[in-house]
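>>> requesting a structural model of the entry that follows:
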Amino acid sequence: MKVLGLLKRVHGNITVPVTPATFSLSRYLSDAVPSAPKDPTNKFTYPPVYDPYGLSPPPSSKILDLADRIASLLPGEIKQIGPALLLRLNQPLPRTLSGQGLSLGSSQAAGPGKSEEKKKEEKTAFDVKLEKFDTASKIKVIKEVRSFTNLGLKEAKELVEKVPIVVKQGVTKEEATEIMAKIKAAGGVAVME
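Have a look, this model is predicted:
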């Protein structure tokens, strides 16, 4: 009000209508976009099933036919699908992991039919297991383990300290006997499994 009084004195009698309509933010915010009126009926609804990957198209008739054909296969045939697909798509076979230290139950539960099949099969791949070693010849054993495993000094030392442990897997009988002889010469005891 002081400003208005000052203006009246300088310029004379000025009339300024003061109504709520004259003061508007649109004059100051000319680049602002007007907001749409809020619709109380337009509320967000959750979908019946949460899908983190968004909507996906329904499977084609080829895929449904393939799924039906796979479901009708025998369990032995289903196990062959993965390796066959890897071979067909030129993908490398997955590496097998050592089962050392895992207990999956007794091997006696296989039954008589399974043991007869195992006896008929001749083993072609063998594992060399380090059973024990003299503490005085520990360094020699570590050097021998390094020579045929391509491990560093620290890894070979940790491997030898976990006795009994498989030090080489999937080798031929000749290679296994050669490795066992080297370990024996170094002062350790190894067996072939």
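>>> in the host helix or strand of residue 154, what's buried?
Using DSSP states H and E, residue 154 sits within helix 153-161. By neighbour count on 16 or more other Cβ atoms under 10 Å, the buried set for helix 153-161 is 156-157, 159-160. Quick note: C-beta positions are derived from backbone N, CA and C, even for glycine.
>>> swap in stretch 61-81?
Buried residues in stretch 61-81, counting neighbours by 16+ other Cβ under 10 Å, are absent.
>>> how about residues contacting it?
By Cβ atoms under 8 Å, 6 or more residues apart in numbering, the list of residues contacting stretch 61-81 from outside reads residue 59.
>>> same question, stretch 146-163
When contacts are defined by Cβ under 8 Å, 6+ apart, stretch 146-163 is touched by residues 130-133, 138, 141-143, 145, 165, 167-168, 179, 182.
>>> surely residue 129 is in contact with residue 166?
Yes: applying Cβ atoms under 8 Å as the test, residue 129 and residue 166 come out as touching, 5.0 Å apart.
>>> strands of the chain, start to end?
Remark: strands assigned in the chain by DSSP state E are 126-133, 165-171, 188-192.
>>> mean pLDDT for the ones you listed - can I get that in TSV?
Below are the strands of the chain laid out as TSV (pLDDT from 0 to 100):
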stretch	mean pLDDT
strand 126-133	87
strand 165-171	85
strand 188-192	87
